[in-house]
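**Student:** generate a structure from the sequence data that follows.
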Amino acid sequence: MAAILGGGLSGLATGYYLIKNNVMNNNNLKLYLFEATSSCGGWIKTIKTKDYTFEQGPRTIRPKGVTGLNTLNMIQDLGLSQHISPIRPDHPAAKNRLIYVNDALHVLPSSFKSVFKKNEPFSKPLIFALFNDIIKPQAQLKDDSIYNFVERRFGKEIADYAISPMICGICAGDAKEISVKFLMKTLFEWEQNHGGVLKGLMRSMFKSKNKENLQLPLSDLAKKAQEENWNVYTIKGGLETFPNTLFSYLKENDVSINMDTRVEEIKFIDTGAVFLKLKTGQLIKANHVYAGVPAYTLARLVYKQHPYLSTLLSEIPFVTVGIVNLYFRGDKSLLAPAFGFLVPPIENSPILGVVFDSCCLPDQNGTVLTVMMGGRWFQQKFGDDPSEANLLQVALQEIDRILHIKDEPASYNVNILEECIPQYVVGHYERVEKIRKYITDENLPMSLVGCSYDGVGINDVIYSAKTQVEEDLPDFKKNMDLNMTVDKP
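**Tutor:** Here you go, the predicted structure:
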C-alpha cells in the first residue's frame, strides 16, 4: 500500500502521476489518499453564480517554462482543454499591471520601449538600473534576500516599487526576508560567478541554449499556449474545476479516497514500513507515504520519533491572508481595464493589493474584484483574532480611498486563509536539503510534495509531484510485501 497525506493540489497531482506511471498496477499497489477535511483542492476554492465568480485562492495560472507547459499537458489529458480561458498579450489584464504609490495608481512598464522612458513612481528611466549593475561590486554570499540583491544590483527604487509588491502578490511576503533564489536564482548565480547580472547574461549568451522545454513532450494545448504567447489563463466555471477533475480521475482509477480522515501520527518501523495513526485510533500500515500536508502539519506527525526532523520542518514559516471578494451590480464597469494593483510595503497599507476579476475572469456580470490583505503583516494589521466583519470594513474603506468606489456591494465573501502560504526566507533551500537528507539517511519511506518545499505556485506544486514520483520509481520496482494491513493500537 502507498498512502498520500493531504487532498490538496499536491496530493491529487501525486496520485495522478502514480497512476500515469503505472506504479500501482505494475507493483500490485493499492493507493490510499487521506484528507482531514470534507473537500479536496486545498486553497483553490470557487464560488460560482450566474452573475459572478469569486475565487477565494488562486485564480490564474502562468503557462511559461517547463513547469507551466507540464500543467497544460495535464489539463489536456484531463479533458479540460475546451474550458480554458487564456489572457493573451494584447489583453488589458496583460498590459496593465498597477502599483499604488503616493496616493496614486501607476502602470508598471510592460514593453521594451517603456524602459527608456521615465515612468512614475520611478525617478529615472529603468535603463539606468542596468548601469547601476555594471558599476556595483560583487558581493560573495551563499544566499541573500531578494530585496537586498535587487537594491544592490539595480537600486532602491526597483526594490521598493517593482520587487517588493511583486513578492506581496506571489507569496504575500516581505521581500526583505524572502530568498533571492525564490525568483532570481539565475541572476544571483550570475552575480556570484561573474561579478554582475549583465556580465553573467553576456556570458550565457555564448553558451548553448537551455533545451529543458524540448525534453518535455508538448500537448496540443501547450503548443497553442506557446504559439499564442499566453500571458496567463484560467478555467471557465472557476479554477476549482481543476482539482475537482483530478479528484474524479483518481476515483475512476480506484484510488481509495478517505475524506474527513485525520492522521495524527506517523510511526516508522524497522522493517521499512510505516503506520499511520488516525484520529479514531486506527493504525494503517503502508509501505510508502507521500506527505502533501504543510510542513508545520508534518512536523507534528513525526515529532515523537524524529524531533530533529520536526524542528527543521517547523522552521519553514507560513503567513495568513485575508480574502474579500466583492460584487457590484450594474452594466457599467467601476474599474479601469487592468489586471489589478499591488501595494508596496513602504506604503504601510492594510491591503496587499486588489485583483480586477471582472477584467481577468470570464462570464462576469457587473464589477467583481478581490482584495488581498495581511500576509506577512496580518497579525500586525488585524491582531490575533480578527473578525470577518472587520476585514470587510477595511476592504471597503480601501476600495473607496483608492478606487473611489462608494457603492455598496450586492454580494461579498470574506475568508481568512490561516497559514496558507509558506515563506521561502533566506536559507530555505539549504533547510529543505537538510530535511530531505535526513529522510534519506534515516531510510524513511516518505517523500515530500507540496508548496512547502519546491515552489508555492500551482505549476511548481504539480511539477514537484511529478518529479518526486519519477524519482521514486526505482524503489517501487523492488519486491516488497505491499498488502495493506489494519491493526488495533
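**Student:** avg pLDDT for stretch 407-414?
**Tutor:** Mean pLDDT, stretch 407-414: 96.
**Student:** buried residues, it. List them.
**Tutor:** Of all the residues in stretch 407-414, those buried under the rule 16 or more other Cβ atoms under 10 Å are 409, 411-414. Every C-beta, even on glycine, is put in place using the N, C-alpha and C of the backbone.
**Student:** endpoint to endpoint, it covers what distance?
**Tutor:** With Cα to Cα, to the nearest Å as the measure, stretch 407-414 spans 18 Å from end to end.
**Student:** repeat that for stretch 221-234.
**Tutor:** Using Cα to Cα, first and last residues of stretch 221-234 are 13 Å apart.
**Student:** run the chain-centre distance for it.
**Tutor:** 19 Å (Cα atoms, centre = their mean, to the nearest Å).
**Student:** what do you get for stretch 16-26?
**Tutor:** Taking Cα atoms, centre = their mean, one finds the center of stretch 16-26 at 25 Å from the center of the full chain.
**Student:** one more: stretch 308-328?
**Tutor:** Its chain's average C-alpha position is 11 Å from that of stretch 308-328, according to Cα atoms, centre = their mean.
**Student:** scan the protein for its longest helix.
**Tutor:** Counting by DSSP state H, the longest helix found in the chain is helix 458-476.
**Student:** so which bits of that helix are buried?
**Tutor:** In helix 458-476, counting by 16+ other Cβ under 10 Å, buried: 458-466, 468-469, 472, 476.
**Student:** could you dump those residues into JSON lines and include pLDDT?
**Tutor:** Shown next, in JSON lines, are the buried residues of helix 458-476 (pLDDT from 0 to 100):
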{"residue": "458", "pLDDT": "97"}
{"residue": "459", "pLDDT": "97"}
{"residue": "460", "pLDDT": "97"}
{"residue": "461", "pLDDT": "97"}
{"residue": "462", "pLDDT": "98"}
{"residue": "463", "pLDDT": "97"}
{"residue": "464", "pLDDT": "96"}
{"residue": "465", "pLDDT": "97"}
{"residue": "466", "pLDDT": "97"}
{"residue": "468", "pLDDT": "96"}
{"residue": "469", "pLDDT": "95"}
{"residue": "472", "pLDDT": "90"}
{"residue": "476", "pLDDT": "70"}
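**Student:** nearest to residue 159 among these?
**Tutor:** residue 460 (23.7 Å; Cβ to Cβ).
**Student:** and residue 27, what pLDDT?
**Tutor:** So, for residue 27, pLDDT stands at 64.
**Student:** distance check, residue 124 against residue 155.
**Tutor:** Using Cβ to Cβ, to the nearest Å, we find residue 124 at a distance of 9 Å from residue 155.
**Student:** for the residue lying closest to residue 104 once chain neighbours are set aside, grab phi and psi.
**Tutor:** Closest residue in space to residue 104, ignoring its immediate chain neighbours: residue 120 at 7.7 Å, by Cβ to Cβ, 6 or more residues apart in numbering. Backbone torsions of residue 120, given as degrees, to the nearest 10, read phi -60, psi 140.
**Student:** tell me which element the closest residue to residue 260 other than its chain neighbours is part of?
**Tutor:** Nearest non-adjacent residue to residue 260, counting by Cβ to Cβ, 6+ apart: residue 38, 5.5 Å away. Using DSSP states H and E, no element contains residue 38; it sits outside every helix and strand.
**Student:** just the buried residues of stretch 407-414: which are in strands?
**Tutor:** If you go by DSSP state E, those have 411-414 in strands.
**Student:** with respect to residue 350, which of the residues you listed is nearest?
**Tutor:** The closest of those to residue 350 turns out to be residue 414 (Cβ to Cβ; 13.9 Å).
**Student:** okay, that closest one and residue 49: tell me how far apart.
**Tutor:** Per Cβ to Cβ, residue 414 is found 16 Å from residue 49.
**Student:** what of residue 404?
**Tutor:** 26 Å.
**Student:** and residue 417, by the same measure?
**Tutor:** Separation of residue 417 from residue 49 (Cβ to Cβ) stands at 21 Å.
**Student:** before we move on, what about residue 33?
**Tutor:** Separation of residue 33 from residue 49 (Cβ to Cβ): 30 Å.
**Student:** so between those two, which is more surrounded?
**Tutor:** residue 33 (26 against 10; other Cβ atoms under 10 Å).
**Student:** Provide the secondary structure category for that one.
**Tutor:** Here residue 33 is strand, with the state taken from DSSP: H, G, I helix; E, B strand; the rest coil.
**Student:** quick one: residue 342 and residue 100 touch, right?
**Tutor:** Yes. Taking contacts as Cβ atoms under 8 Å, residue 342 lies within contact range of residue 100: 7.4 Å.
**Student:** list residues touching both of those two?
**Tutor:** Contact criterion Cβ atoms under 8 Å, 6 or more residues apart in numbering; residues shared by residue 342 and residue 100: residue 353.
**Student:** which of the two has more residues huddled nearby?
**Tutor:** Of the pair residue 342 and residue 100, residue 342 is the one with more neighbours under other Cβ under 10 Å, namely 27 against 23.
**Student:** what bridges to the more buried one?
**Tutor:** residue 99, residue 353 (DSSP bridges).
**Student:** contacts only, for it.
**Tutor:** Counting by Cβ under 8 Å, 6+ apart, residue 342 touches 97-100, 165-166, 168-169, 352-353.
**Student:** of all these, which comes closest to residue 141?
**Tutor:** Ranked by distance to residue 141 (Cβ to Cβ), the contacts of residue 342 are led by residue 166 at 21.3 Å.
**Student:** quick check: which element contains the closest one?
**Tutor:** Under the assignment here (DSSP H and E), residue 166 is part of helix 164-171.
**Student:** can you show me the CA trace of that helix as CSV?
**Tutor:** What follows is helix 164-171, C-alpha atoms only, in CSV (Å, rounded to 0.1, in the frame of the first residue of the first chain):
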residue,chain,number,x,y,z
SER,A,164,8.6,44.3,-3.1
PRO,A,165,5.0,44.5,-4.4
MET,A,166,5.6,41.5,-6.7
ILE,A,167,6.6,39.4,-3.7
CYS,A,168,3.4,40.6,-1.9
GLY,A,169,1.4,39.4,-4.9
ILE,A,170,3.1,36.0,-5.3
CYS,A,171,3.5,34.8,-1.7
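**Student:** pull the distance from that helix to the chain's centre.
**Tutor:** Distance, stretch centre to chain centre, for helix 164-171: 12 Å (Cα atoms, centre = their mean).
**Student:** output stretch 360-371 in CSV with nothing but the alpha carbons.
**Tutor:** Taking Å, rounded to 0.1, in the frame of the first residue of the first chain, the C-alpha atoms of stretch 360-371 are listed here in CSV:
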residue,chain,number,x,y,z
CYS,A,360,-9.5,38.9,-15.7
LEU,A,361,-12.1,36.2,-15.4
PRO,A,362,-14.8,35.2,-18.0
ASP,A,363,-18.6,35.3,-17.5
GLN,A,364,-18.7,38.2,-15.0
ASN,A,365,-21.8,40.5,-15.0
GLY,A,366,-21.1,43.8,-13.2
THR,A,367,-17.9,44.6,-11.4
VAL,A,368,-16.1,41.9,-9.5
LEU,A,369,-12.8,42.4,-7.5
THR,A,370,-10.8,40.7,-4.8
VAL,A,371,-9.0,42.4,-2.0
